[in-house]
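>>> this is a predicted model, with the sequence first.
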Amino acid sequence: MRTGRSGSAVPARAADGDERDPRARGIGVRCQGVVHLYRTFEGHDVVALRGVDLAIAPGERVAFLGPSGSGKSTLLQLLGGIQRPSAGRIFLGDEEISRMGERYLARIRSRSVSTMLQGATRNLLPYATARQNIGFARLALSAADRRDAMLDSELLGRVGLDDQADQTVSTMSGGQRQRLALACAVSTGPELLLADEPTSQLSHQDRDHVLHLLHSVGDDFGTTIVVVTHQPEVAATFPRTVTMKGGRVGAEGRDGSEYVVIGADGDLHLPGHLSAEWRPGTLVRIEDEGTGKLVISRADEETQ
């Protein structure tokens, strides 16, 4: 993300060929058959992700939804190269980060991808000021990129922290820290921005500040944005939603419509209202009407 010395945004190049800063263009992400296992403290292996196939186009804004333990935060960390999948492939643009050497992967994480972890304190230096935290986040940038980056004052203003620029993090409220964590995440002008529960436990006003910055980054700079949230009202502000269930993508929402996603092995998750009524083991008939539409009926309904 770049601005001129005055803090005004550098024009972006649209699809028709208008001028745009190449660094500001979002980058696409693809998952192919991603599986991830982790071991508990008790020594048990847990399958967090089960063959995830997912493609996110450059510049898309996507919200991951799902119950606790569904795999959404794990998937976010895999996309950011913080963890490596147990199996499967993950591509950032044309590069496969799932098999990349740690040294090169660290370079990509510092320059192309920003990940905001859940819990503001995990993303900030508590003894430093807001302005110093932003400076620390930009250490990996070249001198030229730091000069061209958005001014600290403008960035802090976008999240309503104009008066806290020289305040230490340890003296800030929880909402202020959360907003600062996001400001630091976008301060490097990433091609891919990943945020885990960026609006968790925030007041409505703080939540709106965070959402405003997220969407303005997408609107102004074309950054690809992926967030994890448990709040449907937050997810509703995103053009696309991905609902995780049981370690895989169960459903997607696009342009106000909800779609069930068929897995690689042919299984699918029923919409929430049906899965609550149709318990495991329910006999279901699926019939093709021949018009491209399927009719799904429960066996006990046929005998009524």
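Sure, I can see it.
>>> quick one, what contacts the residue nearest the centre of the chain?
In the chain, the C-alpha closest to the average C-alpha coordinate belongs to Val226, at a distance of 2.1 Å (Cα atoms, centre = their mean). With contacts defined as Cβ atoms under 8 Å, 6 or more residues apart in numbering, Val226 is in contact with Val29, Ile56, Arg61, Val62, Ala63, Phe64, Leu76, Leu79, Leu192, Leu193, Leu194, Ala195. Yep, even glycine has a C-beta here, placed from its N, CA and C like the rest.
>>> Pro58 versus the first one, what's the distance?
In other words, Val29. Summarising the geometry, the distance separating Val29 from Pro58, computed by Cβ to Cβ, to the nearest Å, is 9 Å.
>>> ok, Leu139 - how many residues close by?
Taking other Cβ atoms under 10 Å as the criterion, the count of residues near Leu139 is 9.
>>> so what's Gly218 up against?
With contacts taken as Cβ under 8 Å, 6+ apart, Gly218 has the following neighbours: Gly26, Gly59, Arg61, Ile225.
>>> ok, back up a step: helix, strand, or coil at the residue nearest to the centre of the chain?
With DSSP: H, G, I helix; E, B strand; the rest coil as the basis, Val226 sits in strand.
>>> which residues does it bridge with?
Each beta-bridge partner of Val226 is listed here: Val62, Leu194, as defined by DSSP bridges.
>>> ok, the closest residue to Arg240 other than its chain neighbours - contacts?
Residue nearest to Arg240 in three dimensions, not counting chain neighbours: Val62, with 4.8 Å by Cβ to Cβ, 6 or more residues apart in numbering. Contacts were defined as Cβ under 8 Å, 6+ apart; by that measure Val62 touches Ile56, Ile225, Val226, Val227, Phe238, Pro239, Arg240, Thr241, Val242.
>>> show me where the stretch 51-200 of the chain has its strands.
In the stretch 51-200 of the chain, the segments counted as strands under DSSP state E, counting those that start in this stretch are 61-65, 87-92, 95-96, 113-116, 192-196.
>>> scratch that, the stretch 201-304 of the chain
Using DSSP E, counting those that start in this stretch, the strands found in the stretch 201-304 of the chain span residues 224-228, 240-245, 248-254, 257-260, 284-288, 294-298.
>>> most tightly surrounded among those?
strand 224-228 (a mean of 25; mean count of other Cβ atoms under 10 Å).
>>> how about that strand as CSV, C-alpha atoms only?
C-alpha atoms of strand 224-228 as CSV (Å, rounded to 0.1, in the frame of the first residue of the first chain):
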residue,chain,number,x,y,z
THR,A,224,-6.5,-9.5,-1.0
ILE,A,225,-8.2,-9.8,2.4
VAL,A,226,-9.1,-12.9,4.4
VAL,A,227,-10.6,-12.7,7.9
VAL,A,228,-11.7,-15.2,10.4
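>>> now that strand against strand 192-196, angle please.
10 degrees (axes from the mean of the first three to the mean of the last three Cα atoms, to 10 degrees).
>>> what average pLDDT does strand 224-228 get?
Confidence over strand 224-228, taken as the mean pLDDT, stands at 97.
>>> tell me the angle of it relative to strand 87-92?
130 degrees.
>>> what about the residue nearest to Arg240, distance to Gly189?
Between Val62 and Gly189 the computed distance is 19 Å (Cβ to Cβ).
>>> burial check on the residue nearest to Thr199 when sequence neighbours are not counted, number of neighbours?
Spatially, and ignoring its direct neighbours in sequence, Thr199 is nearest to Arg207 (4.4 Å; Cβ to Cβ, 6+ apart). Using other Cβ under 10 Å, Arg207 has 20 other residues around it.
>>> right, and Arg207 touches Glu197 too?
No: counting by Cβ atoms under 8 Å, Arg207 sits too far from Glu197 to count as a contact (11.2 Å).
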